[in-house]
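> Return atomic coordinates for the entry below.
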Amino acid sequence: MASSNLDTNTVLAKAFGFLNSVAALTVFVGGSLAILLNLALFSRVVGLEDVQLPAIGAAISIFALFVLVAFFFGFSATVISIGNELRAIKSLLEKQLQEQSELTKVFKDTERATSTDESFSALE
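Residues are numbered from 1 along each chain as shown. Sure thing, here's the model as predicted:
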């Protein structure tokens with residue numbers, strides 16, 4: 001069961017690493033599109049003094065939208081990854097607690113057997 005859980009966590013970690021890569025790619029593509037849009041709008045303008053603020057605003061808003069989407073992907077992947085790590089730690093702690101309970105039970109059984117042996121030897 002533990003190895004299956006570990007395999008699942010490994011697969012999920014790779015999936016969220018992929019999502020982080022998608023987020024970075026989204027920022028790159030969004031920034032490139034914003035720059036190209038900005039250049040296309042600048043090419044229509046004769047000089048830099050004639051640059052219209054709505055054109056710059058449109059390029060900035062497109063870039064901001066892509067950054068927001070990338071942040072959403074990255075943040076979601078990070079939160080889910082942390083949740084999976086906490087779940088793995090919880091299962092590991094439960095397993096250790098179960099092993100400790102079994103060892104305590106064995107110790108108590110051994111202690112009872114020893115006290116019983118001492119009682120029999122005292123009777124002899």
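
> Secondary structure element for Ala77, which one?
helix 53-123 (DSSP states H and E).

> Show me the contact partners of stretch 68-83.
12-13, 16-17, 19-20, 22-24, 26-27, 30 (C-beta atoms under 8 Å, 6 or more residues apart in numbering). For glycine as for every other residue, the C-beta is placed from the backbone atoms N, C-alpha and C.

> how about a cut-off of 7 Å?
For stretch 68-83, the external contacting residues (C-beta atoms under 7 Å, 6 or more residues apart in numbering) are 13, 16, 19-20, 22-23, 26-27.

> Stretch 21-36 too?
With C-beta under 7 Å, 6+ apart as the criterion, stretch 21-36 contacts 59, 62-63, 66-67, 69-70, 73-74.

> returning to that earlier point: for the helix holding Ala77, give the mean pLDDT please.
Average pLDDT, helix 53-123: 75.

> Give the burial count for Ser81, as a bare number.
18 (other C-beta atoms under 10 Å).

> do Glu94 as well
10.

> For Arg87, see how far away it is.
11 Å (C-beta to C-beta, to the nearest Å).
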